[in-house]
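>>> Got a predicted structure here, sequence first:
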Amino acid sequence: MKRHFIRIISGLAALFALLVTLGLGAAPAKAEATYQIATDSTFPPFEFANNKNKYVGIDIDLMHAIAKDQGFKVNMKPTSFNSAVQSVQSGQSDGVIAGMSITKEREATFDFSKPYFMSGVVMAAKPNGKITKLSQLRGKRVAVKTGTSGAQYAQSIHKKYGFRIVTFDESNDMYQDVLTGNSAACFEDSPVMKYAVRQGTKLKIYTKPTLNGPYGFGVKKGHNKKLLRMFNNGLADLKANGEYARITRRYLGAKGSSDTTSDRTFMGLIKQNKGALISGFKQTVWLTVVAIFFATLFGVIVGLLGVVPNKFFNGLSTTLIYIFRGLPLLVLALFIYTGIPSLTGQKIPAFIAGIITLMFNEGAYIAAFVKGGINAVDDGQMEAARSLGLPFGKAMRRVILPQGIRIMIPSFINQFIITLKDTSILSIIGIIELTQTGKIIIARNLEGFKVWTIVAIIYLIVITLLTWLSNWVQRRVRL
Amino acid sequence: MNEKIKVKVHNLIKTFGDNQVLKGINLEVHDNEVVVVIGPSGSGKSTFLRNLNRLEAPTSGSIVIDDMDIADPKANINKIRENIGMVFQHFNLFSNLSVSENIMLAPVELKKASKEKAAAQAKKLLAQVGLESKYNATVQSLSGGQQQRVAIARALAMNPDVMLFDEPTSALDPEMVGDVLAVMKQLAKQGMTMIVVTHEMGFAKEVADRVVFVEDGNIQEQGTPDEIFNHPKDPRLQSFLDKVLNV
Ligand SMILES: Nc1ncnc2c1ncn2[C@@H]1O[C@H](COP(=O)(O)OP(=O)(O)OP(=O)(O)O)[C@@H](O)[C@H]1O
Ligand SMILES: [Mg+2]
C-alpha cells in the first residue's frame, strides 16, 4: 500500500515538473538579451489593449522604440500595476514601465531612469458644477486608484481638505463611483483623465495638473544597471530625433486614437472585441481544465491519506486541508506568484502559479469531500473485505472507493463549477483570462455595464455546458 | 470431531481505553468442532470473535490458528484471514457488486482462481445455500435471509478452515431464520470448524459440540449442550438461561 502511494506521489511530482518545464519553455529563449518588462494592462493612454487585442500606448511604443534604438529586445508583460511593481521586486521582470511616478518612497526599492513624461494629478467630478474646487470636498468621499500618484496626492491633502478616500483597482470602477454619486470626485493623472473623457466618460476636469508627476522607467534597486543606462540613452536619442514627440502626439494629440465613433451597442462591442473575448475565454477554459486535473489528483491523494490506517498521513492530510481551505484564494495566488519568487529568486510564470494556486485550494476542498465520502461508506464493508483476506489497498479500490465515489459525484460537479469561477481571481496575477479580458476592454472603452454583462453571460453559458456534461457523466457512471 | 487443535486462545486480554472487555480468555477448539458462544449483551462475545481474525488487535495473550500465532504483529494477517471465514450480524455484502461478484471478488483478487473457475465455484456455492437463481441479482434486491446466505457463500469461497459467525440471525425476520440456520447445520455436518455467537438456543442444543458461556469478559462455564442447558452450575448462567429460555 505504501509503495503504491509513493508511486502515485512521485508520478504526480513528475507530471508537475513536466508542466513547469513546458510553462517555462513557453517563455522565449534568449539568445541575445531579451528583457522582461512588466507593465499595467489597463492604463490608457500609456498602456492598453487596442481593439485588435494588441497592447499599445505611450509606454509600450516608447519602450519598443528605445529597444530598437539601443539594439536590445524586450518582452512586454502586461499585468496589473501592483503585480507589475512586485514582479520587478521579486525578479520575475527586469524592469517596469507603467506610468509610474518617481517618488521618494519608491526610490528606496527602485532605480529610476530620467523622467520620460511629466504628468500631474487633476481632479475630475460630475459636470453639473457642484464640485469644482478642492475646498468643496470637505466631508465627502473621494475615489482613487491603488498605487497611483492620484492616490498619493489624495493622501497628502485629505487632512487639509477633510475628505475620505476610497480606493479602487481599476480606473473604470473609480469613474463609476463618481458617476453614481457615491464619491464626489476622483484624482487621476491628467493624461489618463483626458483620455477617459475623450472616450466618453461623463466627467469633467476641474483643476490644473499638479506639478509633481515625473514618470520614470524602474529597475530593482542595484540591478540591471546596463538596461537603465540604455533606456536613458535611447530616450535622449528619441527626443533628439523627433520620435518621442511623434509617439506622444499619437495618443495625446488633438485627433488621438479614440474609438468613440465606433459602435457601442452590445452587438457592436462583441464584434469589436471578438478576438479578445475568444482568447480570454480559451484561457479560462484551459486554466479550468488543467486546474481541475491537478486539483483532482492532489485532492484524491490527500483525501486518501486521510483514511489510510496511518496516524502520520492522517495528520498530514488534515493539516493540508486546513491550510489550503483556510487561505483566501487571492492571498494564495499572490503568495505563490510574488511571495515565493522574491524569496527564492526563481521566476514562476503566471500560468503555472495560477495552476498551483487552484491545485492547492480546490484540491483541499476535493480532499475534504473525498475523505468524507469514504468515511460515509459503512465500516462493515471494509471489515467484510478485510475478513476475506483482501489487503487494505485492494479493499479500498474494489469495495470502498466505488461506493464512496458515488457519494462524491455531486460534490465533484459542484467543485468543478467553483473552479471555473475561481479562475477569474487569477486575473490579479495578470493572467489574461476572461475576467482580465473584460477589465482590459473596459479600460479602453469604459463601457463597464455592457462589457461585464457580456462576460457574465459567457460564464453562465460555460457553466451550463459544464453542468450538462457532468450530469451526462453522472448518468453514465450510475449504469 | 478429532483431537487436532485448530484454534488455541491463551490468556486473551482486550482493553478499549481503560475498559477491559476481555479479561483473560482461554479456549481450545478442535478440528471439525462446533463451538457455540452464548452470554448476555455487552459481555464481549463479538470482541472475542473479532480478535480471532484480528479485526481487533489483542491487547495481550496469544491466538494460535493452524499453528500460526495471529497475535504476532509480524504475521501475514491477510494470508491468515483467507483461512478464517467470517459472517456478520448485518451481512455486509458489498453493495456495489452483484451477488456473484460478491462471491468471486476475493478468489479472483487474491489469485486463488481464474475468473471462469471462480464463476463456476460461485454457482456451486449459491446452489449449496439454495440461491442459484440469484447469480446475477443485485444485493439490494435480496431479503435479509437471502443476503445472509450469500454472505456465507462469500466466506466459503476462500475455502476457509474455520468459520466465525457473529449473531448471524439476529437481524433477520423470524421467518428467515430457519433458512440460514439450515445452511449452518449443513456446514457443521460437512465437518467445518465453527465458532458461532448466537441467541438461538435451539441451534446450540442441536448442533453444538460444546457451548461456552461468556460473562463479563471471562468464560464462566463450558460444556456439552446437555451440561450447559440441563445442568448449569454457575448461578449467572442459570439466571441468563432463565431469561433467554422463558421469553
Ligand atoms: N471499538 C470499540 N471501542 C470501545 N469499546 C468497545 C468497542 N467494541 C466493543 N466495545 C465495548 O466492549 C464491550 C463488549 O462489546 P461486545 O460487542 O463485544 O459485546 P457482545 O457480547 O457482542 O454484546 P451483544 O450481544 O450486544 O452483541 C461493550 O461494553 C462495548 O461497549
Ligand atoms: Mg455482539
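Sure thing, it's come through. Everything numeric here is computed off the predicted structure, so don't read it as measured data. Numbers count the residues shown, from 1 in each chain, chains lettered A, B, ... in the order given. Ligands and ions are numbered 1, 2, ... in the order given.

>>> Pull the number of nearby residues for residue A:278.
Neighbour count of residue A:278, defined by other C-beta atoms under 10 Å in any protein chain shown: 14. Backbone N, C-alpha and C define where each C-beta goes, glycine included.

>>> just the helices in chain B please.
B:45-52, B:77-82, B:99-109, B:115-128, B:144-156, B:174-189, B:201-207, B:225, B:235-245 (DSSP state H).

>>> So what's the gap between the last one and the chain middle?
The chain centroid and the centroid of helix B:235-245 are separated by 23 Å, computed with C-alpha atoms, centre = their mean, to the nearest Å.

>>> Return the residues in contact with the residue in the stretch 201-350 of chain A positioned nearest to ligand 1.
At 14.1 Å from ligand 1, residue A:309 is the closest residue in the stretch 201-350 of chain A, using C-beta to the nearest ligand atom. When contacts are counted by C-beta atoms under 8 Å, 6 or more residues apart in numbering or on different chains, residue A:309 touches residue A:392.

>>> one step back: in a markdown table, list the helices of chain B along with mean pLDDT.
Formatted as a markdown table, the helices of chain B follow (pLDDT from 0 to 100):
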| stretch | mean pLDDT |
| --- | --- |
| helix B:45-52 | 96 |
| helix B:77-82 | 91 |
| helix B:99-109 | 96 |
| helix B:115-128 | 95 |
| helix B:144-156 | 96 |
| helix B:174-189 | 94 |
| helix B:201-207 | 93 |
| helix B:225 | 95 |
| helix B:235-245 | 92 |
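
>>> Can you pull the residues of chain B lying near chain A?
For chain B, the residues in contact with chain A (C-beta under 8 Å from any C-beta of the partner chain) are B:53, B:55, B:78-82, B:84-86, B:88, B:90, B:92-97, B:105-106, B:109-110, B:151, B:154-155, B:158.

>>> Kindly recompute the last result at 7 Å.
Applying C-beta under 7 Å from any C-beta of the partner chain, we find that chain B lies next to chain A at B:53, B:55, B:78-79, B:81-82, B:86, B:88, B:90, B:92, B:94-96, B:105-106, B:109-110, B:158.

>>> From residue B:131, how far off is the residue sitting furthest away from the middle of chain B?
Distance to the chain centre peaks in chain B at residue B:116, reaching 28.4 Å (criterion: C-alpha atoms, centre = their mean). Applying C-beta to C-beta, to the nearest Å, the value for residue B:116 to residue B:131 is 20 Å.

>>> Could you export stretch B:114-125 as CSV, CA atoms only?
Extracted as CSV, the C-alpha positions of stretch B:114-125 are listed here (Å, rounded to 0.1, in the frame of the first residue of the first chain):
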residue,chain,number,x,y,z
SER,B,114,-9.3,-17.7,-12.6
LYS,B,115,-12.5,-15.8,-13.5
GLU,B,116,-14.0,-18.9,-15.0
LYS,B,117,-13.1,-21.1,-12.1
ALA,B,118,-14.4,-18.5,-9.6
ALA,B,119,-17.7,-18.2,-11.5
ALA,B,120,-18.2,-22.0,-11.5
GLN,B,121,-17.4,-22.1,-7.8
ALA,B,122,-19.8,-19.2,-7.2
LYS,B,123,-22.6,-21.2,-8.9
LYS,B,124,-21.9,-24.2,-6.8
LEU,B,125,-21.8,-22.2,-3.6
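
>>> How many residues are close by residue A:157?
For residue A:157, the number of neighbouring residues by other C-beta under 10 Å comes to 17.

>>> residue contacts, it?
By C-beta atoms under 7 Å, 6 or more residues apart in numbering or on different chains, the contact set of residue A:157 is empty.
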